[in-house]
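> Predicted coordinates and the sequence they were generated for:
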Amino acid sequence: MRGALTQLWYGNARGAALLAPLASVYGAVTSLRRRAYELGLLRAYGVGCPVIVVGNLTVGGTGKTPLVAWLAQQLQAQGYRVGIVSRGYGSRARSARLVDAHSAWQEVGDEPLWLAQTSGCLTAVGADRVAAGRLLSARGINVIVSDDGLQHLRLVADCRIVVVDGERGFGNGRLLPAGPLREPIGALRHADAVVVNGEAHCAMALAGNAPLIQMQLVLSSVLALAGGARRTIESFRGKRVHAVAGIGHPARFFRALAACGIDVIEHAFADHHALVASELEFGDDLPVLMTEKDAVKCRTLADARLWCVPVTVQMSDAHSHALLARVVGCLTTHRR
């Protein structure tokens, strides 16, 4: 199903027009819902401190979660007490709860656990992001970064950052289920900043007056799941490896490894897939490289073959300064 939809949305597959009536219904419902919030028929709630939402317009991975970690760390360096809110997809939590570096991923979700471990920020999960935000605010947090949630209108957002996959863009430009869009491309005009992961395309002109920021996700080191030994990514050059990815866009991870000169045997899984030991047995002793998001779910499965490949957000000094200036400006407006 995932492959068929990807081909439909981003390839040359026919059939999107057959789903156009459903896309029209989806678009009408989302438009009415947004209008209801604008008119005050549905109420949005603050959480006691400014909220920055980092999200996307499309289904699937765009690189927003690494950007959340980067942004949280940058704001911490400027003296803010930063907390992170996440939906906690797949978590067992029924109500808002805090995450720490030792939480079980099954309880809090894979992305929130990775964010808590990577950023060092107090992190909360919950389907009710308002409750999760208030949980952080009550503990002295004075800026919240929400991982995803552009379409979660119940939470008041002071700054909206839209992350776009520079490679895939907006696919066929259609709304769900005919295309990958959660809301129309025109929503970019309401963003405070648009961040493109990879090369920017002409469609990015739709960003309007929002700063257009370009970032890259860079592979630099590799960490052993058993023991934590570190190697450079270059040390795998010319070697054959198994690559495992249960993320929104596995092909990006595979291509990044191949670009480093690694001979990759690809093993793609659904986003947030709960890997089990048998799925990491390939009948040989080749190294197994996986994303950080997958690695947090495989600590108990660790053996000498398993390696985690961290990604680092990189952007030019000019783009970094422009993004942070826009974010801090939004925070200042909130305080007034």
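That came through, no problem.
> Contacts only, for residue 79.
Contacts for residue 79 (CB atoms under 8 Å, 6 or more residues apart in numbering) come out as none. The C-beta positions use only the backbone N, C-alpha and C, and glycine is treated the same way.
> where exactly do the helices run in the chain?
Under the criterion DSSP state H, the chain carries helices at the ranges 2-10, 20-38, 64-77, 105-108, 110-119, 129-137, 250-259, 292-295, 317-335.
> need the ones you listed in a markdown table with distance to residue 94, can you?
Output for the helices of the chain, formatted as a markdown table (distance: least, CB to CB, whole Å):
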| stretch | distance to residue 94 |
| --- | --- |
| helix 2-10 | 28 |
| helix 20-38 | 24 |
| helix 64-77 | 23 |
| helix 105-108 | 11 |
| helix 110-119 | 15 |
| helix 129-137 | 11 |
| helix 250-259 | 30 |
| helix 292-295 | 23 |
| helix 317-335 | 30 |
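> Least confident of these, on average?
Out of the helices of the chain, helix 2-10 stands lowest, with a mean of 79 (criterion: mean pLDDT).
> Give me the contact list for that one.
Taking contacts as CB under 8 Å, 6+ apart, the residues outside helix 2-10 that touch it are 13, 15-16, 168, 171-172, 174, 177-180, 270.
> Can you say which of the helices of the chain is nearest to residue 95?
Of all the helices of the chain, helix 129-137 sits nearest to residue 95, with 6.9 Å by CB to CB.
> helices or strands up against the closest one?
Taking 3 or more CB pairs under 8 Å, 6 or more residues apart in numbering; DSSP states H and E as contact, the helices and strands that helix 129-137 lies on are strand 82-86, strand 122-125, strand 143-147.
> Convert the C-alpha atoms of it to PDB, please.
Presented in PDB, the C-alpha positions along helix 129-137 are these (Å, rounded to 0.1, in the frame of the first residue of the first chain):
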ATOM      1  CA  ARG A 129      -0.900  19.000  22.800                       C
ATOM      2  CA  VAL A 130      -2.400  21.700  24.900                       C
ATOM      3  CA  ALA A 131      -2.200  19.500  28.000                       C
ATOM      4  CA  ALA A 132       1.300  18.400  27.100                       C
ATOM      5  CA  GLY A 133       2.300  22.100  26.700                       C
ATOM      6  CA  ARG A 134       0.800  23.100  30.000                       C
ATOM      7  CA  LEU A 135       2.700  20.200  31.700                       C
ATOM      8  CA  LEU A 136       6.000  21.800  30.400                       C
ATOM      9  CA  SER A 137       5.000  25.300  31.200                       C
END
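> Bridging across strands, which residues link to residue 223?
Beta-bridge pairing of residue 223 under DSSP bridges involves residue 230, residue 308.
> Does residue 199 touch residue 165 like I think?
No - under the contact definition of CB atoms under 8 Å, residue 199 does not touch residue 165, with a separation of 10.3 Å.
> burial of the closest residue to residue 170 other than its chain neighbours, as a residue count?
Closest residue in space to residue 170, ignoring its immediate chain neighbours: residue 185 at 5.6 Å, by CB to CB, 6 or more residues apart in numbering. Neighbours of residue 185 under the rule other CB atoms under 10 Å: 16.
> Next: the one 4 residues further on.
Summarising burial for residue 189: neighbours were counted as other CB under 10 Å, giving 12.
> Many thanks, have a good one.
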